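Trainee: Next input, structure requested:
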Amino acid sequence: MEEPLDLIRLSIDERVYVKCRNDRELRGKLHAYDQHLNMILGDVEETVTSNEIDPETEEEIVKKATRKVGMLFVRGDIVVLVSPPLRTG
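Mentor: Prediction:
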């Protein structure tokens, strides 16, 4: 590997984890990407985490909403982190 994007290139057609801004996480099969980190993901599981304050107890409530999407275009400017699949050996 010579450049940072080489790691992503090696993850084409494999499942990756993408952490996005606004407490959004994506797990899906990487089909394509470009130099701006725009990505096409397939078989995506999207998880959105939100925090709310209970008005009665003033405790923080963490809510997670998950949905499945067949194909998703991810705009690169929301990407915080891309984790390739775990490679052993």
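
Trainee: Point out where this protein drops to low pLDDT.
Mentor: Flagging of the chain using pLDDT under 70 yields the residue ranges 87-89.

Trainee: Look up how far Ser50 lies from the residue of it positioned farthest from its centre.
Mentor: Ranked by distance from the centre of the chain (Cα atoms, centre = their mean), the top residue is Glu56, with 33.9 Å. With distances taken as Cβ to Cβ, to the nearest Å, Glu56 is found 18 Å from Ser50. Where C-beta positions appear, they are placed from N, C-alpha and C, glycine not excepted.

Trainee: for the protein, what spans make up the strands?
Mentor: 15-20, 24-33, 39-53, 60-74, 79-83 (DSSP state E).

Trainee: Any chance of JSON lines for the ones you listed, columns distance to Leu7 and mean neighbour count?
Mentor: Below are those laid out as JSON lines (distance: least, Cβ to Cβ, whole Å; neighbours: other Cβ atoms under 10 Å):
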{"stretch": "strand 15-20", "distance to Leu7": "10", "mean neighbour count": "17"}
{"stretch": "strand 24-33", "distance to Leu7": "11", "mean neighbour count": "18"}
{"stretch": "strand 39-53", "distance to Leu7": "13", "mean neighbour count": "15"}
{"stretch": "strand 60-74", "distance to Leu7": "17", "mean neighbour count": "11"}
{"stretch": "strand 79-83", "distance to Leu7": "8", "mean neighbour count": "14"}
